[in-house]
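Colleague: pasting the sequence and the predicted coordinates here, then a few questions.
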Amino acid sequence: MSETTSRPRVLSGMQPSGNSLHLGNYLGALVNWVKTQHDYQTLFFIPDMHAITVAQDPAQLRERTRKTAAQYIAGGIDVDKSILFVQSHVPEHAQLAWVLNCITGFGEASRMTQFKDKSAKGGAEAASVGLFTYPVLMAADILLYRPQGVPVGDDQRQHVELARDLAKRFNHRFGETFTVPEAFIQKEGARIYDLQNPTAKMSKSASGPNGLINLMDDPKVTAKRIKSAVTDADTVIAHDRENKPGVTNLLEILSTLTEKPIQSLVADYEGKMYGHLKADVSEAVVARIEPIRSRTLELLDDPGELDRLLAQGAAKARGIAAETLADVYAKVGFLPPMGTVV
Ligand code: ATP
Ligand code: LTN
């Protein structure tokens with residue numbers, strides 16, 4: 001076994017639902033993924049099949065899939081260390097999802113809070129069956145690769161829990177097949193809030209663009225948004241989530257980027273104005289994201305090369321996925337097609 005394959009495995013993905021990742025996606029997810037590359041065998045993918053659980057414009061989806069992949073790489077995912085791929089390039093995800101659908105209870109799927117939230121937004125009648133079985137496809141994404149860990153935000157904990165239940169259920173019914181994965185939940189400190197509404201998390205689906213810091217925005221736009229970030233009528237720079245959510249968010253962003261403890265930042269800013277803090281946050285943010293933006297643009301300039309890297313990743317992923325799926329198909333009793341060596 002090679003050195004990399006003997007390491008424990010982790011897998012994660014982020015939907016290609018926008019033209020740019022925001023600072024929350026970057027600091028809350030991508031930075032952690034990049035770190036796991038040292039100690040784990042890592043798989044990162046773009047769940048385009050999950051994206052179509054709500055209506056998508058086809059040309060835009062294709063573009064966003066490439067853009068997301070480019071931002072993963074520019075943000076530090078190393079295609080020589082990690083397997084980077086697009087979900088729809090590995091048909092085993094859909095194939096395993098079907099089998100898992102057949103061992104998932106209707107009531108069990110109905111209890112998934114993300115489905116309840118998302119379907120409530122557009123009316124339950126309008127929600128697709130794909131949206132309903134979204135967590136089962138996610139379980140397939142995970143279980144195919146038998147990872148020990150799945151680094152995700154707290155909102156995905158229930159989905160990883162379902163993947164664990166399905167793994168145990170399958171193993172119990174058909175014999176030991178899947179690894180039961182752990183959710184690696186990111187710390188609360190890694191949560192970034194909306195600049196305009198600092199009690200809500202920064203999110204692509206936020207009410208307006210001014211609360212967002214996007215990796216792909218022009219640095220001038222980013223600087224302007226930070227300058228206009230909502231603070232409070234007070235003038236003291238203190239870490240107090242309850243009473244000073246805006247200032248607290250800015251301090252947390254700065255602390256994460258500079259790796260300086262919050263308390264030492266607070267001491268540095270004693271007697272200074274919000275404008276000083278904002279200028280420093282702006283400088284630190286732009287210094288960090290600008291190289292990611294230019295590298296992403298470079299990668300997007302050569303879509304052929306990007307597609308080649310993704311094809312390479314998909315081939316590696318299939319090497320693992322096909323083995324698991326063959327095991328599953330044999331266990332559930334599917335007749336192998338003639339000529340298949342079992
Ligand atoms: P949407 O608005 O469509 O729900 P989103 O911007 O909230 O999207 P997701 O696609 O749900 O982002 O999440 C991708 C990853 O980024 C997840 O691991 C999630 O935990 C992380 N993430 C998203 N928003 C933040 C945030 N504000 N702070 C920290 N991490 C975040
Ligand atoms: N639902 C996740 C994206 C996702 C995922 C996965 C994450 C799809 N399949 C498998 C981890 C493992 C999200 O919206 N962040």
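Modeller: Thanks, I have it. Computed from a predicted model, the values in this text were never measured in an experiment. Ligands and ions are numbered 1, 2, ... in the order given.

Colleague: buried set for the biggest helix by length in the chain?
Modeller: Of all the elements of type helix in the chain, the one with the most residues (DSSP state H) is helix 303-332. Buried residues in helix 303-332, counted by 16 or more other C-beta atoms under 10 Å: 306, 309-310, 313-314, 316-318, 320-321, 324-326, 328-329, 331. The way it works is simple: take the backbone N, C-alpha and C, and place the C-beta from them, glycine included.

Colleague: stretch 83-100 too?
Modeller: Neighbour-count burial for stretch 83-100, counted by 16+ other C-beta under 10 Å, picks out 83-90, 92-93, 95-97, 99-100.

Colleague: for stretch 181-192, same thing?
Modeller: For stretch 181-192, the neighbour count (16+ other C-beta under 10 Å) marks 181, 183, 184, 185, 186, 190, 191, 192 as buried.

Colleague: check which residues of stretch 227-243 are buried.
Modeller: Buried, per 16+ other C-beta under 10 Å, within stretch 227-243: 229, 230, 231, 237.

Colleague: now that stretch: average pLDDT?
Modeller: In this model, stretch 227-243 has a mean pLDDT of 95.

Colleague: same check, this time on stretch 278-287
Modeller: For stretch 278-287, mean pLDDT rounds to 98.

Colleague: how about stretch 256-271?
Modeller: 96.

Colleague: give me the residue from the stretch 1-150 of the chain nearest ligand 1.
Modeller: Closest to ligand 1 within the stretch 1-150 of the chain is residue 28: 2.0 Å, counting by C-beta to the nearest ligand atom.

Colleague: what's near enough to touch the closest residue to that residue other than its chain neighbours?
Modeller: Nearest residue to residue 28, sequence neighbours excluded (C-beta to C-beta, 6 or more residues apart in numbering): residue 190, at 4.6 Å. Applying C-beta atoms under 8 Å, 6 or more residues apart in numbering to residue 190 gives the contacts 27, 28, 32, 256.

Colleague: might one say that residue 214 is in contact with residue 24?
Modeller: No. Counting by C-beta atoms under 8 Å, residue 24 is not a contact partner of residue 214; they are 10.4 Å apart.

Colleague: for residue 83, give the beta-bridge partners.
Modeller: Residue 83 forms beta bridges with residue 43, as assigned by DSSP bridges.

Colleague: for residue 309, see how far away it is.
Modeller: Separation of residue 83 from residue 309 (C-beta to C-beta, to the nearest Å): 11 Å.

Colleague: interface residues of the chain facing ligand 2?
Modeller: 11-15, 47, 50, 138, 141-142, 150, 152, 156 (C-beta under 6 Å from any ligand atom).

Colleague: okay, the residue nearest to residue 28: pLDDT?
Modeller: Note on residue 190: pLDDT of 73.

Colleague: one more: residue 119?
Modeller: The per-residue pLDDT reported for residue 119 equals 84.

Colleague: so who does it touch?
Modeller: Each residue near residue 119 by C-beta under 8 Å, 6+ apart is listed here: 126, 127, 131, 132.

Colleague: picking that back up, do you know the pLDDT at the residue of the stretch 1-150 of the chain closest to ligand 1?
Modeller: The model reports residue 28 with a pLDDT of 90.

Colleague: what does residue 47 give?
Modeller: Confidence at residue 47, expressed as pLDDT, is 98.

Colleague: can I assume it is in contact with residue 11?
Modeller: No. Contact criterion C-beta under 8 Å: residue 47 and residue 11 do not qualify, at 11.1 Å.

Colleague: any residues in contact with both of these two?
Modeller: Common contact partners of residue 47 and residue 11 (C-beta under 8 Å, 6+ apart): residue 141.

Colleague: the more surrounded of the two?
Modeller: Remark: of residue 47 and residue 11, residue 11 carries more neighbours, 29 against 24, as counted by other C-beta atoms under 10 Å.

Colleague: mind listing what's buried in the helix or strand containing that one?
Modeller: Per DSSP states H and E: residue 11 is located in strand 9-13. Within strand 9-13, the residues scored as buried using 16+ other C-beta under 10 Å are 9, 10, 11, 12, 13.

Colleague: contact partners for the residue of the stretch 101-250 of the chain found nearest ligand 1?
Modeller: For the stretch 101-250 of the chain and ligand 1, the shortest gap (C-beta to the nearest ligand atom) falls at residue 153, measuring 1.9 Å. The contact partners of residue 153, by C-beta under 8 Å, 6+ apart, come to 28, 29, 185, 186.

Colleague: export these to TSV and tack on secondary structure?
Modeller: TSV is the format used below for the contacts of residue 153 (DSSP: H, G, I helix; E, B strand; the rest coil):
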residue	secondary structure
28	helix
29	helix
185	strand
186	coil
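
Colleague: which one of these is nearest to residue 106?
Modeller: residue 185 (27.6 Å; C-beta to C-beta).

Colleague: is it true that that closest one touches residue 159?
Modeller: No. Using C-beta under 8 Å, residue 185 makes no contact with residue 159, being 12.0 Å away.

Colleague: the bottom helix or strand of the chain by mean pLDDT?
Modeller: helix 113-122 (a mean of 84; mean pLDDT, DSSP states H and E).

Colleague: mean confidence for the helix or strand that comes right after that one?
Modeller: Next in sequence after helix 113-122, counting helices and strands by DSSP H and E, comes helix 129-132. In this model, helix 129-132 has a mean pLDDT of 96.

Colleague: how about helix 129-132: buried residues?
Modeller: Within helix 129-132, the residues scored as buried using 16+ other C-beta under 10 Å are 131, 132.
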